[in-house]
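> Could you look at this predicted model? Sequence included:
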Amino acid sequence: MSGPALTRRDFAGGAALLALALGLPAAGVALTDLDAADLSGERQRRLMDVVCERVIPRTDTPGGAATHTGDFVLLALAHGLAGTRTPLASAAVTPALAPHLRADGSLRHADWLEQALDRAAGGDFLRRAADEQTRILTRIDAAAFAKGAPFSPWTAIKGLILTGYYTSEAGGSVELRYELDPGHWNGNVPIAPGDRAFSSDWTAVDFG
Amino acid sequence: MTDQSNMFDAIVVGSGITGGLAAKQLTEAGLTVLMIERGRKIEHQVDYETELKAPWEMPFRGQGDAAEYRRDYPVQMLNRHFNEFTQNHFVNDAEQPYQKAPGSEFDWFRSYQLGGRSLTWGRQCYRWSDYDFGANKRDGFGTDWPIRYADLAPWYDLAEEIVGVSGAKEGLPQLPDGRFLPPMELNAVEQAMRERILASYPGRVVTIGRTANLTEARDEQGRAHCQYRNICARGCSYGAYFSTQSTTLPAAMKTGRLKVVTDAQVSRLEYDPQSKRVTAVHWIDTRTGEHARAASRVVFLNAGAFNSVHVLLNSASEAMPNGLANSSGVLGTHIMDHANTLAGLAVVPGFEDRTTSGNRPTGIVVPRFRNLDTLDGEGFTRGYSFQGGALQGTWTRGKRMAGIGAAFKDELHRIGPWTMVLTVFADCMPRATNRLTLSNQTDPRGVRQLAVEFAFGKEEHAALADAKREAAAMLTAGGGHVVMGFDQPGHGGTSIHEMGGARMGHDPATSVLDKWSRAHDVPNLFVTDGAQMSSSACQNPSLTYMALTARACDHAVSLLKEHKL
């Protein structure tokens, strides 16, 4: 992980900053019993911000950056959402992944991504033009989702990016529709051109 | 020891689906009742803290803190109803430990709070039939039920009137119709599946799930009609689904004869060998550790199937050294849970221009069609039924797709393709080897923990293998393209229909309870939750528990009035 070593105090402060960035009361995010090494530095925050915007760019609705999706992804990775604290099977551990393993065998996904992007960029990923960043991410994405592809940490990271974006206020209620209290049920409705899905279709979110 | 010197006509242990109903029925019959709940108080409407929250208002966007879940909720987190919005309605596993016998896998999903699992239940309400009450006698597994459908039919009527069950009448003997509120509509794919499957497989009926969600308001109960949110387990301020808080507790409180104690873990029942009666209930205040006691003329155990057995096992005495009401030696044995898995999933083309509006809080059900009048199951003698439904994909499909950028985003805002899911629930055979015992380990309050020994057998595996084949055939007949299906059951407990352990039967030598849900050994002790079940059927069991509870309450009141208790 890049950045200076963090003390416990720094870590707690970082947690509070992260919570503020997410618009949450700091007390609502219990990071204090996690390893300080799981707190991302400022560069990883900027990097994840850019990655989220490339995956879900601003169009006629806000994108990943405006919704602070990157901060959610880092919070989620620190806490191990989407199985990201599950120890890797030994067969899945490649030379590219090995340096980023925790003692328990789980992977520091953010560290891996940072190194993978810089390596693919032949330098600082953040200094590349937006189109080049998109091309790099497209290659990583295509490799991860190719039929028969070996394990890639990108699939979990991408999943968390989507979760972060579509559960944000803009992603959930501007890009998609959100209706907490429909008050009615109609089982057969025509789809009109341009209809957007409901982020509040909980069955679809759980099983779709 | 605090002596609650007040004497009650009845003590009800537990405040969930059956405990709340027992309190209602007994107080409305004129009895003074103490209801003891081991969890915290949850006040209707006031304490549903996450009910109105959007994902972006939650620290982890509704997903929950996985680190916290691994540490404190390793079992509960496996429940599909468990998430950041609902986690405050489930137990903390670290604080409420139980043991599993070596080789046993049993995920025990629990809700310790006022209202119990009535706040988090799946709300499916089905009557059993004589195929079910006669099952043990027909194939010889377990012990014969001492009742039949006719004994319970009027009590099903009453339970449905209290609960408010929406559903469609289908005239099927294996799933008797009830007193239903208007059904919720099938969606376009489900309706097509119903017609196509029925054409290929006469007698196999895709019908709407019969659910405890009101399709018409119940002003007299202070309950509004369902708002079609489908977030029931957060708690519903509309009172639109049946829960203790929405329905039975207000009714019982209205009588002025109910006292409720929360944060009170019952440690044992006190038995008087002279009178052969239970005379008092002992509990531990879980906040202070203080011990307390109250006396009553009759006791209803409604702590949830396993916890009611747990109380009986922990109530061993010199007179009953193997546990209270256990002269038969079968207390704790023959526990069950439906064998459950995703039998089939199919993509269904042809409905790309159709969608739905609102969130329906129930799916569909395909009632049992195996081993009815003809034993046509290969390797199994009981039944299974399917539940599930047709649904459309949403943004989450992006997690399984390649792509980034504007085109990817554009794709994900569209309403996704239709899939149809059939999940199977199969009868679980009552076996002596599946059982509950007391562990030598104690919980944080010093009470010996429960140990669960459980495994499915060849009959359940055969039923699930058949279900996978039939699900694929039916989905194909319905116009679907089958993508996957499984025939291995999930862990025991996965169906959240754990039951048995204090089975009902004719013979005191081989059963714990008589036909009135009353202990053979202890005339003033009733067990009317899932513990009393002698077989599992393949229907969701809660409505049957309720019917049996109402019936037992009526019997207890009659006995009290006749001074026979």
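Now that the structure is in, tell me what you want to look at. Residues are numbered from 1 along each chain as shown, chains lettered A, B, ... in the order given.

> for chain A, what's the longest helix?
Longest helix in chain A, counting residues (DSSP state H): helix A:130-145.

> Name the next helix or strand downstream of it, please.
Following helix A:130-145 in sequence order, the next helix or strand is helix A:153-166 (DSSP states H and E).

> How about residues contacting the following helix or strand past that next one?
Using DSSP H and E, the next helix or strand after helix A:153-166 towards the C-terminus is helix A:169-170. Outside of helix A:169-170, the residues within contact range by CB atoms under 8 Å, 6 or more residues apart in numbering or on different chains are A:61-62, A:66-67, B:54, B:56. For glycine as for every other residue, the C-beta is placed from the backbone atoms N, C-alpha and C.

> Quick one: mean pLDDT for the following helix or strand past helix A:169-170?
Toward the C-terminal end, the helix or strand that comes next after helix A:169-170 (DSSP H and E) is strand A:186-190. Mean pLDDT, strand A:186-190: 97.

> And strand A:186-190, how far out from the chain middle?
34 Å (CA atoms, centre = their mean, to the nearest Å).

> Over to stretch B:103-119?
That offset, for stretch B:103-119, works out to 9 Å (CA atoms, centre = their mean).

> can you dump the C-alpha coordinates of that stretch into CSV?
Extracted in CSV, the C-alpha atoms of stretch B:103-119 (Å, rounded to 0.1, in the frame of the first residue of the first chain):
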residue,chain,number,x,y,z
GLY,B,103,-21.1,-33.9,11.1
SER,B,104,-24.3,-31.9,11.5
GLU,B,105,-24.9,-28.8,9.6
PHE,B,106,-27.8,-26.8,10.9
ASP,B,107,-28.2,-23.0,10.4
TRP,B,108,-30.6,-21.8,13.1
PHE,B,109,-32.1,-18.5,12.1
ARG,B,110,-33.6,-16.7,15.0
SER,B,111,-35.2,-13.5,16.0
TYR,B,112,-35.3,-12.8,19.7
GLN,B,113,-37.4,-9.7,20.3
LEU,B,114,-41.0,-8.8,21.1
GLY,B,115,-42.9,-10.3,18.1
GLY,B,116,-40.2,-12.9,17.5
ARG,B,117,-40.1,-14.1,13.9
SER,B,118,-43.5,-12.8,13.2
LEU,B,119,-41.6,-9.6,12.2
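
> For residue 136, which residues are in contact?
All of this refers to chain A. A:117, A:120-121, A:125, A:128.

> Chain B is the one I meant
So B:N136 contacts B:142-145, B:430, B:534-535 (CB under 8 Å, 6+ apart).

> Save these as TSV, and put in distance to chain A, secondary structure and neighbour count too.
Converted to TSV, the contacts of B:N136 look like this (distance: CB to the nearest CB, whole Å; DSSP: H, G, I helix; E, B strand; the rest coil; neighbours: other CB atoms under 10 Å in any protein chain shown):
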residue	distance to chain A	secondary structure	neighbour count
B:G142	35	coil	25
B:T143	39	coil	21
B:D144	40	coil	20
B:W145	36	coil	26
B:P430	32	coil	22
B:S534	34	coil	26
B:S535	31	coil	28
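
> What is the nearest of the residues you listed to B:H413?
Minimum distance to B:H413 across those is 49.0 Å, recorded for B:S535 (CB to CB).

> Could you list the buried residues of the helix or strand where A:T203 lies?
Using DSSP H and E, A:T203 falls within helix A:202-207. Neighbour-count burial for helix A:202-207, counted by 16 or more other CB atoms under 10 Å in any protein chain shown, picks out A:202-205, A:207.

> what does that helix rub up against?
A:197-199, B:80, B:230-231, B:359, B:389, B:391-396, B:416, B:419, B:421.

> Now, those residues that are in strands?
Among the contacts of helix A:202-207, the members falling in strands (DSSP state E) are B:389, B:391-392, B:419, B:421.

> Identify the residue with the minimum pLDDT among the buried residues of helix A:202-207.
Lowest pLDDT among those: A:F207, 86.

> re the thing from before, just the ones in strands among the contacts of helix A:202-207 that are near chain A?
B:389, B:391-392, B:419, B:421 (CB under 8 Å from any CB of the partner chain).

> For chain A, which element, helix or strand, carries the lowest mean pLDDT?
helix A:8-21 (a mean of 46; mean pLDDT, DSSP states H and E).

> After that one, which helix or strand is next?
helix A:42-55.

> got the ones in strands among the contacts of helix A:202-207 as CSV, with pLDDT columns?
As requested, the ones in strands among the contacts of helix A:202-207 are arranged in CSV below (pLDDT from 0 to 100):
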residue, pLDDT
B:G389, 98
B:L391, 97
B:Q392, 97
B:T419, 97
B:V421, 97
